[in-house]
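> Just a sequence and a predicted model for now, questions to come.
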2 protein chains.
Amino acid sequence: MSTTLPLLPEALDGCCGTVISGVISAEDAERTAKTFKALGDPTRIRLLSLIAASPDGEACVCDLTEPVGLSQPTVSHHMKQLVDAGLATREQRGRWAYYRVATEALDTAAAALRG
Amino acid sequence: MSTTLPLLPEALDGCCGTVISGVISAEDAERTAKTFKALGDPTRIRLLSLIAASPDGEACVCDLTEPVGLSQPTVSHHMKQLVDAGLATREQRGRWAYYRVATEALDTAAAALRG
């Protein structure tokens, strides 16, 4: 998808299928499950929430460790899973990695659950 | 929640929190992640889709094994995870278990991903 327009149901159907409107293909089920697997961990849910609530919607990994009570390598590992699933973006600036939530990907995941 | 009215954003905020509107509590993150973990498997996504697409929105476990190419105990195990997460309901009728998708729970999960 090369557009940044809001995703319409039609666009979503064309892209990934939805779970409960018609039988989903095996390929779309794999893709959809991968997204939800990344969301299926409380620490990752909290990280997404903390990032979204940060000033300008961006958070340094250095500011995420204390709220979740985990080491930086562990937080970075969780963030890598979110980035790999397309649910967050990462930008290295000097010493630190900065993350943003990919809200369009969350919208797409949400739309996949609607009929 | 004792109501069966459609979930409004306000109701959802009162119930479970959302991921990207304010910082989610640890408890709500646990609950939300549990739902997404159940959705984080391609077979379970396909089972939900097959059930939703069945006549009257209901499917016998005996009709689910062939489309996903798995044994009945394996399908039953996946369905138990979906039922435990509140994403499907199960009714035993005679020899067979019949399942329905809990569409309200899918709507709640979808709403948790929106701002």
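That came through, no problem. Numbering: from 1, shown residues only, chains lettered A, B, ... in the order given.
> For chain B, tell me whether the helix or strand where residue A:91 lies is touching it.
Secondary structure assignment for residue A:91, by DSSP states H and E: strand A:88-93. No - figure legend: strand A:88-93 not in contact with chain B (CB under 8 Å from any CB of the partner chain); closest approach 11.1 Å. Bear in mind the C-beta positions are built from the backbone N, C-alpha and C, glycine included.
> Contacts for that strand next, please.
Strand A:88-93 has contacts (CB atoms under 8 Å, 6 or more residues apart in numbering or on different chains) with A:48, A:51, A:79, A:82-83, A:97-102.
> starting at the chain centroid, how far to that strand?
13 Å (CA atoms, centre = their mean, to the nearest Å).
> Just give the strands next to that strand in its sheet, each with its orientation.
Here strand A:88-93 is paired, per DSSP bridges, with strand A:96-101 (antiparallel).
> Does anything pack onto the helix or strand that the strand it pairs with is followed by? Which helices or strands?
Note on strand A:96-101: by DSSP H and E, the next helix or strand toward the C-terminus is helix A:103-112. Helices and strands touching helix A:103-112, by 3 or more CB pairs under 8 Å, 6 or more residues apart in numbering or on different chains; DSSP states H and E, are helix A:9-15, helix A:26-39, helix B:103-112.
> tell me how far helix A:103-112 is from the chain's mean position?
Averaged C-alpha coordinates place helix A:103-112 at 9 Å from its chain's average position (CA atoms, centre = their mean).
> ok, back up a step: show me which residues of the strand holding residue A:91 are buried.
For strand A:88-93, the neighbour count (16 or more other CB atoms under 10 Å in any protein chain shown) marks residue A:88 as buried.
> ok, the residue nearest the centre of chain A to residue A:19 distance?
With distances taken as CA atoms, centre = their mean, the residue of chain A nearest its centroid is residue A:87 (1.7 Å). From residue A:87 over to residue A:19 the distance is 17 Å, taken as CB to CB, to the nearest Å.
> Check residue A:52 too.
In terms of CB to CB, residue A:52 sits 24 Å off from residue A:19.
> What of residue A:105?
Using CB to CB, residue A:105 is found at 16 Å from residue A:19.
> out of those two, which sits in the busier spot?
A count of neighbours by other CB atoms under 10 Å in any protein chain shown puts residue A:19 above the other of residue A:105 and residue A:19, at 31 against 19.
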